[in-house]
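K.L.:
Sequence first, predicted model second:
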Number of protein chains: 2
Amino acid sequence: MQSVIKGLLQKNSSKIVMLVMDGLGGLPYRGPDGPFTGKTELEAAQAPNMDKLSSVSACGMHIPVGAGITPGSGPGHLGLFGYDPLKWEIGRGVLEAVGLGLDVKKTDVAIRCNYATIESNVITDRRAGRPSTDKMRKVTERLQKEIQDIDGVRFIFGPGMEHRFAVVMRFPDAVPPEAAMVNDSDPQMEGKAPLPLIPKHPKAEKTAAVASKFINKVEEILRDEHPQNYALVRGFSTHPRMPSFLEAYGLRALAIASYPMYRGLARLIGMEAPDFEGSFEEEIEYMKDNWSSYDFFFIHFKKTDSFGEDGNFAEKARKIEEADKALPSILALKPDALIITGDHSTPAVMKGHSWHPVPVMLHAPYVLGGVTESFSERQCLKGELGIIPSTALMPLALANTGRLKKFGS
Amino acid sequence: MQSVIKGLLQKNSSKIVMLVMDGLGGLPYRGPDGPFTGKTELEAAQAPNMDKLSSVSACGMHIPVGAGITPGSGPGHLGLFGYDPLKWEIGRGVLEAVGLGLDVKKTDVAIRCNYATIESNVITDRRAGRPSTDKMRKVTERLQKEIQDIDGVRFIFGPGMEHRFAVVMRFPDAVPPEAAMVNDSDPQMEGKAPLPLIPKHPKAEKTAAVASKFINKVEEILRDEHPQNYALVRGFSTHPRMPSFLEAYGLRALAIASYPMYRGLARLIGMEAPDFEGSFEEEIEYMKDNWSSYDFFFIHFKKTDSFGEDGNFAEKARKIEEADKALPSILALKPDALIITGDHSTPAVMKGHSWHPVPVMLHAPYVLGGVTESFSERQCLKGELGIIPSTALMPLALANTGRLKKFGS
């Protein structure tokens, strides 16, 4: 469908805002710390601005990947941006690197790494005794100093939580997807030797050779650092190479997100994503300051997901209220289309992402409206958009801003 | 899906009527010449017959091509007839020819033509000064007299508006799609020479050669007719070659439409489409007269679209009322299934086709019913059909008339 859309694009000066309240969708809370009201987080929240807006918007529910499929943040956002998450899989190495704030370019092979303990070439602890994040950050910084380049391939390290880190191998030129066809070295069991890296394709030979040298170098540098005296590598992957947002939609896009993972995802599809950190109000202020330079604005609001993951129903509802208070300052910018939704559901009662469809409203001039009374799962079910795949939202945003020509005549 | 349906077909003597109110779907009017009532054209119209019928029918909304995609009349009708418009694209030349009342058969290559002005082999006006339709009709008739056949290929001319006309090149035998792989001669800019016609496939060689001779002949005949002394050609295309309605569904189909374009579209899929012109009541009368000879009746009601395109909300609503008044005479024929819908939405507020889903009701004995209170966008959203692709309507019509066997056992 993206190729059909591409053939219909026409330019204009309209502005599209997509506000993603991470993990927005919810379920009625059935936990011990409150009465059972039957209300979801959205229904429990006092969000008069969103409620009012929804009644003059096109509402519906969207499904990120497919019935019953719980998406990670990567697929969730890809769907919102109109990229079929079943077609464009983001490799584990790339996702880890991006999540740790590293850029991944078309020249790169990214890998997830674990500090581990090795004794006589046998892995005795795959997580090096779960060392502290602070301690490991210093170890990773030391590795970055000592390993900059192997055979013309640049190494870029991203420290992670506890024993985790990521590495981007940056080649001099763009690499094909086959360059990542290398197995994990992690034997997935303690008491075994690490697996040698074997290229599964001729184009992966250099990757495997250089990564093997990298592993040896790490071992050499960390020889006396027991228990973190080794690194296991997994998830070799390249840039997913989807068309950029500009290529796919003709939109210059700005991503405003305080968490590195979401900036990284946005950069994978060529959005500008400055290293912005600030409150939601500051995110909106930043959008305002950059209003004239972009056509599309992705604003990410993280806390709904965080409290959903914590199982904190009341705080998730409170965060919805916080976002609601800031809504007038978005509307004051008069976007031609405003989408408010989440990348997936994170019901507090489930303490995690879920497969449930996500409520969405699309505010634009040419909607039916008058169908829903408030912004919630139950109301959006009645909405004029119906229950749609997430990938339908971008075509709808483009249509609603006059950016699509007629199909056929 | 069409091939699955084909495998399940069984014959009976049931009658299906599909009433297409062109551009039926609408939006609340926000224009200057009336109060904002929040009502759509369908909601504003007094259509008691349709309202009553909808409450004992299966209602829903259908999407012609895909989310956000505004269909032309071609794709809109193909979808209604069960042919996926993304799969069966109708070429520009064919659509133009059909729109001007020419038949296009499997032996044909159709092209769109423009009268143009040429001086010393440079196009100085791509539209020959936008001459009057009447004047050009005479020129086209003269060309038709003088050019009947070139190298065994028959030439059939269709006069159009102002500088436009269409030509069907009729070969002695069926031609493959590759026969149309010839570039446009139109350089798309004035001050340039027309482009020579180059076959892009061996099977297009004869098309290019004969069409080149045609262009030369036109130039010769119009030598002294400045400013219309040349013809530019575009959009070489063949019959889209989809299975006929009879092959696909086992239905003998009659199309009753007063506009040539819709008759032409119907003929492309093998419907009978006599050169009927008359009021809607006369269309229904004509259907009645032919009731015993066909299984499927496509009746086209144009004016809803025309007034939508004009931005005339009140008149569009009035045309809905006009159709409503005639409904009893359709019901009097006791069709086994009656579908009432549009080929796309044409909200008066947008003065053009739009991407919005189209309300539909399917009246037949085995429906749930009792779900909607009237026939409108907002009511149909609640309907038992849901929001479905347009291509789902034909299988539903077949099922509701007992024309589909069980799938599997």
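P.N.:
Happy to help now that I have it.
K.L.:
Summarise which helices and strands the host helix or strand of residue A:220 is packed against.
P.N.:
Using DSSP states H and E, residue A:220 sits in helix A:205-221. Packing partners of helix A:205-221 (3 or more CB pairs under 8 Å, 6 or more residues apart in numbering or on different chains; DSSP states H and E): strand A:108-119, helix A:133-146, strand A:149-150, strand A:153-159, strand A:164-170, strand A:230-238. Where you see a C-beta, it was placed from the backbone N, CA and C, and this is true even at glycine.
K.L.:
Quick one: name the residues of chain A near chain B.
P.N.:
A:1, A:4-5, A:8, A:365-371, A:382-384, A:386, A:388, A:392-400, A:404-409 (CB under 8 Å from any CB of the partner chain).
K.L.:
returning to what we had before: okay if I get the helices and strands packed on helix A:205-221 as a markdown table plus distance to residue B:17 and mean neighbour count?
P.N.:
Shown next, in a markdown table, are the helices and strands packed on helix A:205-221 (distance: least, CB to CB, whole Å; neighbours: other CB atoms under 10 Å in any protein chain shown):
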| stretch | distance to residue B:17 | mean neighbour count |
| --- | --- | --- |
| strand A:108-119 | 60 | 25 |
| helix A:133-146 | 71 | 15 |
| strand A:149-150 | 74 | 14 |
| strand A:153-159 | 65 | 20 |
| strand A:164-170 | 63 | 24 |
| strand A:230-238 | 56 | 24 |
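K.L.:
okay, these in TSV with mean pLDDT next?
P.N.:
Output for those, formatted as TSV (pLDDT from 0 to 100):
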stretch	mean pLDDT
strand A:108-119	96
helix A:133-146	96
strand A:149-150	97
strand A:153-159	97
strand A:164-170	97
strand A:230-238	96
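K.L.:
wait, which of the ones you listed is closest to residue B:121?
P.N.:
strand A:230-238 (52.1 Å; CB to CB).
K.L.:
what about the strands in chain A?
P.N.:
A:16-21, A:58-63, A:108-119, A:122-125, A:149-150, A:153-159, A:164-170, A:230-238, A:253-256, A:296-301, A:337-341, A:358-363, A:386-389 (DSSP state E).
K.L.:
looking at the sheet around residue A:111, what are its partners?
P.N.:
Note on residue A:111: beta-bridge partners residue A:167, judged by DSSP bridges.
K.L.:
count of residues packed around the nearest residue to residue A:361 once chain neighbours are set aside?
P.N.:
Counting by CB to CB, 6 or more residues apart in numbering or on different chains, residue A:57 is the residue found nearest to residue A:361 once chain neighbours are left out, at 4.2 Å. The local packing of residue A:57 (other CB atoms under 10 Å in any protein chain shown) involves 29 other residues.
K.L.:
pLDDT weak spots in the stretch 301-409 of chain A?
P.N.:
By pLDDT under 70, the stretch 301-409 of chain A has no low-scoring segment.
K.L.:
Most proximal residue of it with respect to chain B?
P.N.:
residue A:395 (3.2 Å; CB to the nearest CB).
K.L.:
Tell me which residues touch that residue, please.
P.N.:
A:1, A:5, A:82, A:404, B:66-69 (CB atoms under 8 Å, 6 or more residues apart in numbering or on different chains).
K.L.:
go again using 10 Å as the cut-off
P.N.:
Shown in contact with residue A:395 (CB atoms under 10 Å, 6 or more residues apart in numbering or on different chains): A:1-2, A:4-5, A:8, A:82, A:249, A:403-404, B:66-69, B:355.
K.L.:
what does residue A:156 give?
P.N.:
Contacts of residue A:156 by CB under 10 Å, 6+ apart are A:97, A:102-104, A:108, A:110, A:144, A:147-148, A:166-170.
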